[in-house]
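Visitor: sequence unknown, structure follows:
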């Protein structure tokens, strides 16, 4: 066996180890990217859900106040339970008359980030 072939045996092993390490690093990077993207997507979904729940609470309060129903919200803090596919969510509605006795109301709704 020539000295050239003996020196190439180690080179082939090192090349295979290097290729294997590059593949492992690519798999790790792709997995990490997918995990980060999934986390960002979940956060965006929770924010959108909370926003729509809060808007539903505001619309409910405005509708009841507009028609002056018996269930109208008086100034103060109220809880509104809204049923969603994930279960029942509670929206906190705060009604403030500004200035007092003016008939002008500020409605604020807060929904949880689930």
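Guide: Perfect, I can see it now. What you see is a predicted model; the values in this text were computed from it and never measured. Residues are numbered from 1 along each chain as shown.

Visitor: State the distance from the residue nearest the centre of the chain to residue 110.
Guide: The structure's the chain has its C-alpha centroid closest to residue 43; by C-alpha atoms, centre = their mean the separation is 2.0 Å. With distances taken as C-beta to C-beta, to the nearest Å, residue 43 is found 18 Å from residue 110. C-beta coordinates here come from the backbone N, C-alpha and C atoms, glycine included.

Visitor: which sections of the protein are below the confidence cut-off?
Guide: In the predicted model of the chain, residues 1-9, 69-72, 114 satisfy pLDDT under 70.

Visitor: can you give me the helices for it?
Guide: Counting by DSSP state H, the segments of the chain that form helices are 3-66.

Visitor: Okay, buried residues for the strand ranked longest in it please.
Guide: In the chain, with assignment by DSSP state E, the single longest strand is strand 87-97. Neighbour counts over strand 87-97 (16 or more other C-beta atoms under 10 Å) mark 89, 91, 93-95 as buried.

Visitor: picking up where we left off before, could you report the distance from the residue nearest to the centre of the chain to residue 36?
Guide: Remark: distance between residue 43 and residue 36 (C-beta to C-beta) = 11 Å.

Visitor: likewise residue 97?
Guide: Residue 97 sits 46 Å away from residue 36, taking C-beta to C-beta as the criterion.

Visitor: one step back: need the buried residues of strand 87-97 in a markdown table with distance to residue 67, can you?
Guide: As requested, those are exported to a markdown table (distance: C-beta to C-beta, whole Å):
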| residue | distance to residue 67 |
| --- | --- |
| 89 | 24 |
| 91 | 20 |
| 93 | 16 |
| 94 | 20 |
| 95 | 15 |
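
Visitor: since we're on the closest residue to residue 53 other than its chain neighbours, how many residues are nearby?
Guide: Setting aside the residues directly before and after it, residue 53 is nearest to residue 111 in space (C-beta to C-beta, 6 or more residues apart in numbering), at 3.6 Å. The tally of other residues near residue 111 (other C-beta atoms under 10 Å) stands at 21.
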